[in-house]
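Student: A structural model of the following input is requested.
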Amino acid sequence: MVDSILDPLRIRVETKETMKPFYTLSTLCLIWFSIHSCMNLETDSPKLERGVLNLSNHSFANEPVIPLAGEWKFTPGQLDFQEGPNTIFVTIPDLPHWNSYNPNKTSTETGLGVGSYFFTIIPPKEPTILVLDFNVVFSDCNIYQNGNLIGSVGNIYGDGDEFDRRPKQIVLLKTNDEPIHLTILFRNRFYQAGGIRFLPMLGKSEYLANARDKKIFEESLIVGGLFFLGLYQLGVFFTRGRIIGSLYFFLFCQIMALQILATGTRALFLILGESSSELVFRINFFSQYAGAISGLYYFYSLTREYLPSYIIHGVAGILLIPVCITIFGPIYTISYLHLYVLTALTSLLLIAIYLIMRYMKDKRYGYIYLGLSSILLIGCASNDIILSLLHKTQPMLLSYGILLFVFFQSLFLSKHISNEILTAELNLKAAKYQLVQSEKMSSLGVMVASVAHDINSPLSAVIASSEAIAERMTEHFRLLPETNPIPKETYPAFLSLVELALTQNESISTKEARQTKRDLGKYLESLGLTDVETKADLFVSLGLREVPNDWIPVITNKNGAAFFLIGERVVSILQGTKTIRIAANRAIKIAESLKKFTHFDPKGEKQTIKLSDSLDMLLTIFESSVKRGIELTTDFEEIPPIECYPDELNQVWTNMIQNAIQSMNGKGTLKIKIGKKENNGNVYVFVSIEDSGVGIPKDIESKIFDPFFTTKPVGEGTGLGLYITKQVIEKHKGIIELETKPGKTVFTILLPQTTE
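Tutor: Numbering: from 1, shown residues only. The predicted model follows:
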């Protein structure tokens, strides 16, 4: 049944999986080559050679920006305005790290210290106002032109904790076509990797300003896209099934938006203000580490079956340590640990690659979108990690990888979530069917012992009565020759005896039967009869407490012995046949009740039924459990039939009655009522089930309708009975009311009244 429900889903999923991966791969390759081309547009720009940048033949009209790459002059460990005997050449950005030239002293931590950079610019022939653009600087520095201070970042002589790391543009002084000698004094106070690591840019002021504004605009678009795509997935998480992958994707988008704002053109300064350098610094590193964790959990949410959860939680727990350090730790510690954390991130990348490859290998839904975009993101991240470990700064590709990844993941998640929702809806339908059936079987299992006893009892009565009849009939015919004929005048009394045997329905207790037997024995003895005990047994079996007056002449005359002899045999035979008839009808009634109870309509169509018939059927099944020690009272008001789902309501009554019997431990009072009442101006029919059990404690009263909540020992309850009850009643647009205290618990089910 479940497979037949899910078959249409499988067909639709397989149809959607016939995507054209060639087009997706071609699109990714095209975008990748475009990025690669953009990254290499400036490879032919002039470079510093032996500390000199010759721009005499350069046209800033054609190439308005030049990265200051090449051989710089560098004096390690000193703040000098002029070159000296310790001055060396360093190639930037190939060797931007000064730690190998500027070893830390005993009192200085690695990377901290000072150094002096020098280079000379031979200006272009055309008059041009040039500007130095320091986009990313992690150190304090002063910039001098021909010995004159023209700008600074931070304070190379300051000892405070505050620092200024905003992007800066420093305008060079005009010269009369004379060489420009620039000196940059550097001091590291916070960053473990010393010196100039990110190339300053040289160019025309207006172009650099426009280029920066354009870059900020582009980053803002990317950040806005990440932000709103993330919000969309957050909305999906709360409105379309709480799919955890959407939540992790939302977190990833927001954290990566922070990462882009904190790097590049430092657009985050426009939001947080000029004095937020330390906060931007922390956000930069925080977003790298936290983004890696959220990305890992996103991948894992889609591929849970491929890896134990403790591996993911373990890796994430380790990475949470540097995340906390980025928030609370000293700035130098953050930079010092960065390379070690990047090394640890390689294990995270390996896990992500493993999960994605498994996903693609199984060709699961949307594997082209997920796999290729994820591999692209992981490749860009790996590129940046490797460059950072090698102390390189170009080309950093992560922002491009993030952009492509988020774009294609949005497509993937939209399709994936739609597919999951469709699957969930059909699984829910199948699960509901299975849930009702399994709970019904659970309830049926509890009743089997009771029902078996109920069926065995009448069948045992049938067997015993048939044997007794056979024995009596055999004895009767064997003794028939010795039996005196009954005189005609005694026939009225004999027929009265037969009628009593056929109509006797009253039962008395054993104690009362013994007392009646003694009283009758004494009375019969006073009449002069013998074997009074046997004769008293006959009267008691007929339900007589005294001898009818018209019988006295018959039983005391000479034919009285024959009257008793034949009467006892006839009564035994008649009562035996009556017992067989009652027992057989009882067994038939139980079987019919079980047949109705176990029936389930897979179409789930409404039917018009009488609630009293439904409850009578169930009480027949529960009769054995009830009569062992429970006093049952029913008060069924005559109400019109209602439209309902009878099989599901039968499950409700079963759960409620079974819970009531169990709450009383098989001893107490059970009251069931059916009637009509008003609630908030609407007319309802109601069924109330009251028991005299221990009641429901206040602290769990609000939990009893939760799925799988139970107070019963393991193996004795599923915790689904009241949950199913609530679901069924809500499906009928009904209401459940509860009144409970020790000794009295009443569940009242209100159902909207409908008539034929």
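Student: Which residue ranges of the stretch 651-756 of the chain form helices?
Tutor: For the stretch 651-756 of the chain, helices defined by DSSP state H, counting those that start in this stretch occupy the ranges 721-731.
Student: how about low-confidence regions in it?
Tutor: 708-709, 711-720, 754-756 (pLDDT under 70).
Student: tell me the contacts of W653?
Tutor: Applying Cβ atoms under 8 Å, 6 or more residues apart in numbering to W653 gives the contacts 614-615, 618, 687, 689. Every residue, glycine included, has its C-beta placed from N, CA and C.
Student: Mind putting the residues you listed into CSV with distance to Y523 and neighbour count?
Tutor: Output for those, formatted as CSV (distance: Cβ to Cβ, whole Å; neighbours: other Cβ atoms under 10 Å):
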residue, distance to Y523, neighbour count
S614, 51, 21
L615, 47, 21
L618, 47, 21
V687, 51, 23
I689, 49, 21
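Student: check contacts around F539.
Tutor: Residues in contact with F539, defined by Cβ under 8 Å, 6+ apart, are 520, 547.
Student: Regarding it, what is its secondary structure?
Tutor: Three-state call for F539 (DSSP: H, G, I helix; E, B strand; the rest coil): helix.
Student: go on, L132?
Tutor: Taking three-state DSSP, the label given to L132 is strand.
Student: Quick check, pLDDT for the residue lying closest to F134 once chain neighbours are set aside.
Tutor: Nearest-residue entry for F134: K168, 4.8 Å, with adjacent residues in sequence omitted and distances by Cβ to Cβ, 6 or more residues apart in numbering. Turning to K168, the model gives it a pLDDT of 81.
Student: ok, how many other residues are close to K168?
Tutor: For K168, the tally of surrounding residues (other Cβ atoms under 10 Å) stands at 19.
Student: And I271, by the same measure?
Tutor: Close neighbours of I271, defined as other Cβ under 10 Å, add up to 9.
Student: Could you list the buried residues of stretch 121-129?
Tutor: Residues 121-124, 128 are the ones in stretch 121-129 that count as buried (16 or more other Cβ atoms under 10 Å).
Student: quick one, longest strand in the protein?
Tutor: Ranked by residue count under DSSP state E, the longest strand found in the chain is strand 668-679.
Student: I'd like the domain boundaries of the protein, if you could list them.
Tutor: Per automatic domain parsing, the structural domains of the chain span 52-199, 211-420, 605-752.
Student: what would those domains look like in a markdown table with distance to L520?
Tutor: Putting these into a markdown table (distance: least, Cβ to Cβ, whole Å) gives the following:
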| stretch | distance to L520 |
| --- | --- |
| domain 52-199 | 112 |
| domain 211-420 | 77 |
| domain 605-752 | 29 |
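Student: hmm, back to that, need the phi and psi values for the residue nearest to F134.
Tutor: K168 has phi and psi values of phi -130, psi 150 when expressed as degrees, to the nearest 10.
Student: same thing with the one 4 residues further on?
Tutor: Geometry field for L172 lists phi and psi as phi -80, psi 150, criterion degrees, to the nearest 10.
Student: isn't it right up against L130?
Tutor: Yes. Judged on Cβ atoms under 8 Å, L172 makes contact with L130 at a distance of 4.6 Å.
Student: any shared contact partners between those two?
Tutor: Taking Cβ under 8 Å, 6+ apart as the criterion, L172 and L130 both touch 121, 180.
Student: What residues does F705 make contact with?
Tutor: Contacts for F705 (Cβ under 8 Å, 6+ apart) come out as 722-723, 725-726, 736.
Student: quick revisit: please report how far the residue nearest to F134 lies from S276.
Tutor: As judged by Cβ to Cβ, to the nearest Å, K168 and S276 stand 15 Å apart.
Student: what does L185 give?
Tutor: Distance from L185 to S276, by Cβ to Cβ: 25 Å.
Student: the more surrounded of the two?
Tutor: Ranked by neighbour count (other Cβ under 10 Å), L185 and S276 place L185 first, with 22 against 17.
Student: And that one, which helix or strand is it part of?
Tutor: If you go by DSSP states H and E, L185 is part of strand 180-188.
Student: Direction included, what does that strand pair against?
Tutor: Using DSSP bridges, strand 180-188 pairs in its sheet with strand 113-122 (antiparallel), strand 140-145 (antiparallel).
Student: average pLDDT for stretch 532-541?
Tutor: Mean pLDDT, stretch 532-541: 72.
Student: and what of stretch 313-321?
Tutor: The average pLDDT for stretch 313-321 rounds to 90.
Student: what does stretch 228-246 give?
Tutor: 77.
Student: doesn't G721 make contact with Q658?
Tutor: Yes. Q658 is within contact range of G721, at 7.4 Å (criterion: Cβ under 8 Å).
Student: Comparing the two, which residue is more hemmed in?
Tutor: Between Q658 and G721, G721 has the larger neighbour count (other Cβ under 10 Å), namely 23 against 19.
Student: Leaving out the residues flanking it, which one is nearest to the more buried one?
Tutor: For G721, the closest residue by Cβ to Cβ, 6+ apart turns out to be N655, at 3.9 Å.
Student: and that neighbour, how many neighbours does it have?
Tutor: The tally of other residues near N655 (other Cβ under 10 Å) stands at 23.
Student: Could you check how far it is from F705?
Tutor: Taking Cβ to Cβ, one finds N655 at 11 Å from F705.
Student: what does F286 give?
Tutor: Counting by Cβ to Cβ - F286 and F705 are separated by 43 Å.
Student: Then G666?
Tutor: 25 Å.
Student: Low-confidence ranges, the stretch 151-300 of the chain, go.
Tutor: 160-162, 240-242, 264-266, 274.
Student: Break down it into its helices, ranges please.
Tutor: Going by DSSP H, counting those that start in this stretch, the stretch 151-300 of the chain shows helices at 205-239, 244-262, 268-272, 277-302.
Student: just to revisit the earlier point, for the residue nearest to F134, what are its contacts?
Tutor: Counted by Cβ under 8 Å, 6+ apart, K168 has contacts 133-134, 137, 151, 153.
Student: On the three-state scheme, L149 is what?
Tutor: strand.
Student: right, and it touches I170 too?
Tutor: No. If you go by Cβ under 8 Å, L149 and I170 don't touch, sitting 10.1 Å apart.
Student: Which neighbours do those two have in common?
Tutor: Common neighbours of L149 and I170 (Cβ under 8 Å, 6+ apart) are I143.
Student: more crowded one of the two?
Tutor: I170 (17 against 11).
Student: If the more buried one is in a bridge, with which residues?
Tutor: Bridge pairing for I170 - DSSP bridges - gives L132.
Student: residues in contact with L234?
Tutor: L234 touches 246-247, 250, counting by Cβ under 8 Å, 6+ apart.
Student: Tabulate the residues you listed (JSON lines), appending neighbour count and distance to A209.
Tutor: Listed next are the contacts of L234 as JSON lines, based on neighbours: other Cβ atoms under 10 Å; distance: Cβ to Cβ, whole Å:
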{"residue": "S246", "neighbour count": "26", "distance to A209": "40"}
{"residue": "L247", "neighbour count": "20", "distance to A209": "40"}
{"residue": "F250", "neighbour count": "22", "distance to A209": "35"}
